[in-house]
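Colleague: Structural data only, the sequence is not supplied:
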């Protein structure tokens, strides 16, 4: 419900905790937050692939060449 979300973000009064910081960030980006809440589109799958690639790079320390790295990424998301 984007109307209620808008009201919550606009009228929230912080107390200096982590929630206040998060709501302040949402308030600064209110238009984008509401647009994301209105549409059915999501970048969740893209973020999931990015997370897997970052984990792969941390765990494997490197590949013999770029083609092997891409082959491993395709194996992960297949």
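Modeller: Cool, got the structure. Since the structure is predicted, the reported quantities are computational estimates derived from the model, not experimental observations.
Colleague: quick one: low-confidence ranges for the chain?
Modeller: Along the chain, segments meeting pLDDT under 70 span 42, 44-45, 61, 78.
Colleague: Check which helices and strands the host helix or strand of residue 21 sits against.
Modeller: Taking DSSP states H and E as the criterion, residue 21 maps to helix 18-28. When contacts are defined as 3 or more CB pairs under 8 Å, 6 or more residues apart in numbering; DSSP states H and E, helix 18-28 sits against helix 2-11. In short, each C-beta sits where N, CA and C put it, glycine included.
Colleague: which other helices and strands contact the longest helix along the chain?
Modeller: In the chain, assigned by DSSP state H, the helix with the most residues is helix 44-60. Helix 44-60 sits against helix 66-77, with contacts defined as 3+ CB pairs under 8 Å, 6+ apart.
Colleague: returning to that earlier point: can you tell me what sits against the helix holding residue 21?
Modeller: Residues outside helix 18-28 that contact it (CB atoms under 8 Å, 6 or more residues apart in numbering): 9, 10, 12, 14, 33.
Colleague: Touching, residue 37 and residue 4? I think so.
Modeller: No - applying CB atoms under 8 Å as the test, residue 37 and residue 4 come out as separate, 10.0 Å apart.
Colleague: neighbour count winner among these two?
Modeller: Remark: of residue 37 and residue 4, residue 37 carries more neighbours, 11 against 8, as counted by other CB atoms under 10 Å.
Colleague: Where does that one fall, secondary structure wise?
Modeller: Using DSSP H and E, residue 37 falls in helix 30-38.
Colleague: Next, the angle helix 18-28 makes with that helix.
Modeller: For helix 30-38 against helix 18-28, the angle by axes from the mean of the first three to the mean of the last three CA atoms, to 10 degrees is 90 degrees.
Colleague: Tell me the buried residues in helix 30-38?
Modeller: By neighbour count on 16 or more other CB atoms under 10 Å, the buried set for helix 30-38 is 33, 34.
Colleague: No further queries at this time; thank you.
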